[in-house]
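In: Here is the input, now give the coordinates:
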Amino acid sequence: MATKKKSDKEFKLSSWAIDNSTVIYVMMAIIFFLGLSAYNNMPREDFPEIKETKIYISSVWPGNTAEDVERLITDPLEDKLKNISGVTETESTSQEDYSIIIVEFDEDIDVETAKQLVKDEVDSESAGEDWPTFNNKPVTPNVFNLTLSEEMPIMNINIKGDYTVRKLKTYAEYLEDEIEDVEQIKQVDIRGAQDLEVEIAVDIYKMTAAQISFDDILNTIRGGNATVSAGNLKSSGQRRTIRIVGEISDPKELENFVIKNENGPIYIRDVATI
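Out: Modelled structure (predicted):
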């Protein structure tokens, strides 16, 4: 007759924990409070800096199709960027009038170093004879990197009151200067405020009768609304700088600008309304 042998297996650590339950409870409480204290003392940021080793190249070529932008800008730049060591991936998007290329590097490389490497290759390619032009000037690609912590505002300040938008903008500009004086603040932007412009409505019939072109009006405004240096004047042993102040402070001053003076002066007010 076979006899079945019985044997009990025991895990000593579990047995000790059961026999000393009070010690286990105390240890659990200590670990819990240490973890809670470490969590509360852990440094945290609302907008932490996320470093990306990505460099962006944007090119604007107005008046051209996506196919031409890809063939003459995107593809040549991508071929150049393949020569850079440390590049892990390159993505590009070509659309009408615009091209964007994203170059991703290894995490070990410094962002500024990567940006300079990309800029050197882009400048080398854009200096070639076959590079496209716009208004008789070569298309200039913009090489930049994005820092998310700098792109997102850390604080928004709203200004409201029983004032006109123009008056509120004056107060906002004052606060902008004051806040930017704080050493830790890098940049302050005003949003939602209107930018005032001066509109010159030209009467095409009067302009044609006076034999005046749009370029004549533009050149008159550019030349008249400017402050230029007139050199130096030595007087009483001192050298003084002479400036001719011509910048306008009131839009109505534009009415007195002379466009032509052949058979008598022709003012802007004669052919346009400010």
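In: got any ranges where the stretch 151-274 of the chain has weak pLDDT?
Out: The model of the stretch 151-274 of the chain has pLDDT under 70 over residues 151-152.
In: For it, which segments are assigned as helices?
Out: Using DSSP state H, counting those that start in this stretch, the helices found in the stretch 151-274 of the chain span residues 165-180, 204-209, 214-224, 268-271.
In: Now do the helices in the stretch 1-150 of the chain.
Out: Counting by DSSP H, counting those that start in this stretch, the stretch 1-150 of the chain has helices at residues 12-19, 21-41, 66-69, 75-81, 111-126, 148-151.
In: Flag every buried residue along the third one.
Out: By neighbour count, with 16 or more other C-beta atoms under 10 Å as the criterion, the buried positions of helix 66-69 are Val69. For the C-beta atoms, the positions are set from N, CA and C on the backbone; glycine is no exception.
In: State the mean pLDDT of that helix.
Out: Averaging pLDDT along helix 66-69 gives 90.
In: JSON lines please, covering the helices of the stretch 1-150 of the chain and showing distance to Glu104.
Out: Converted to JSON lines, those look like this (distance: least, C-beta to C-beta, whole Å):
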{"stretch": "helix 12-19", "distance to Glu104": "50"}
{"stretch": "helix 21-41", "distance to Glu104": "34"}
{"stretch": "helix 66-69", "distance to Glu104": "22"}
{"stretch": "helix 75-81", "distance to Glu104": "11"}
{"stretch": "helix 111-126", "distance to Glu104": "9"}
{"stretch": "helix 148-151", "distance to Glu104": "15"}
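In: among these, which is nearest Ile221?
Out: Nearest to Ile221, of all those, is helix 111-126, at 32.5 Å by C-beta to C-beta.
In: That closest one packs against which elements?
Out: Contact here means 3 or more C-beta pairs under 8 Å, 6 or more residues apart in numbering; DSSP states H and E; on that basis helix 111-126 packs against strand 54-60, helix 75-81, strand 98-105, strand 142-144.
In: Mind giving me the packing neighbours of the second one?
Out: It refers to helix 75-81. So helix 75-81, by 3+ C-beta pairs under 8 Å, 6+ apart, packs with strand 87-95, strand 98-105, helix 111-126.
In: Now render these as a markdown table, adding mean neighbour count and distance to Val258.
Out: A markdown table is the format used below for the helices and strands packed on helix 75-81 (neighbours: other C-beta atoms under 10 Å; distance: least, C-beta to C-beta, whole Å):
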| stretch | mean neighbour count | distance to Val258 |
| --- | --- | --- |
| strand 87-95 | 14 | 45 |
| strand 98-105 | 20 | 41 |
| helix 111-126 | 17 | 42 |
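In: Mean neighbour count, the helices of the stretch 151-274 of the chain: which tops it?
Out: Highest mean neighbour count among the helices of the stretch 151-274 of the chain (mean count of other C-beta atoms under 10 Å): helix 268-271, with a mean of 18.
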